[in-house]
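Peer 1: Got a predicted model here, sequence first, then my questions.
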Amino acid sequence: MINEKDLEGAALAGMDPETRFRFLERLAADRLLHTRDDNGNHVFDDYDYMSSVIEAARVCGIDELTDWDMPARSSDKWEWICRNFRADATRISQRILFEHASRAVADPNTVALDPKTKEKLRFHLAQVRGVIDKDANMPPWKKEELYKAISDLEREIEKVRTPLTAVIDVLGKVLDGDETIRDAIRKYSVSFKKRKQPKRCRQCFLHLSRPNRSKLHLRLRHA
């Protein structure tokens, strides 16, 4: 059987239920494959595997396996029942592996935006574009630079996680603009900064309203 010693250092409490199930299933599979007595006979067999994994499935909420019933050891059919169960459990364990491998890693320099926040950010970026369009004093090269930065940011917003560097790039470019543009981008930043962000990005939003903008611009440019 699987015991407390097998689980030492496993940090099961920090895993989501599916990952926890896969860990326990793989532990049982490894025990089935490698645990033998001095004569080379299996000490942990398919019955033991099913006994451990079916309880792991119930604790972790893996519904596809909870309808299975443990056979009696005295039954003539226990071996094929347990092997069929193992095939099912292995398939589910593999599926969990593949699903988790395809998930985006939570980069600390990115932020996940919900649909409502994305919609609000698109609205504010459209307003920023409008302000730039109406600015007769801004040179064409500066407008193009801002348009490109905003377009890049719009594309990044559509991703599963938005890189903070895309936001910082826009902030760095607008700090040299007039007060109207800075005010428009502040409205954008209010929506963005409500999301959980690293301290470095929060400081950039804070400094956006401070007078010493040239130093901040230089710092952002070389970040």
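Peer 2: On my side now, so go ahead.

Peer 1: Which parts of the protein belong to which domain?
Peer 2: With automatic domain parsing as the criterion, the domains of the chain are listed as 4-101, 110-221.

Peer 1: Least reliable of those domains by average pLDDT, please.
Peer 2: With a mean of 65, domain 110-221 has the lowest mean pLDDT of these.

Peer 1: just the strands in this protein please.
Peer 2: If DSSP state E is used as the criterion, the strands of the chain fall at 110-112, 161-163.

Peer 1: What ranges does the protein have for its helices?
Peer 2: 17-34, 46-60, 63-66, 78-101, 115-134, 140-157, 164-174, 179-192, 199-207, 213-221 (DSSP state H).

Peer 1: The fourth one - contacts with which helices or strands?
Peer 2: Helix 78-101 sits against helix 17-34, helix 46-60, helix 63-66, with contacts defined as 3 or more CB pairs under 8 Å, 6 or more residues apart in numbering; DSSP states H and E. C-beta: built from backbone N, CA, C; applies to glycine.

Peer 1: Apply 6 Å and report the result again.
Peer 2: helix 17-34, helix 46-60 (3 or more CB pairs under 6 Å, 6 or more residues apart in numbering; DSSP states H and E).

Peer 1: likewise the third one?
Peer 2: Of the remaining helices and strands, those touching helix 63-66 by 3+ CB pairs under 6 Å, 6+ apart are helix 46-60.

Peer 1: Helix 78-101 and the helix it packs on, what's the angle between them?
Peer 2: Relative orientation of helix 46-60 versus helix 78-101 (axes from the mean of the first three to the mean of the last three CA atoms, to 10 degrees): 40 degrees.
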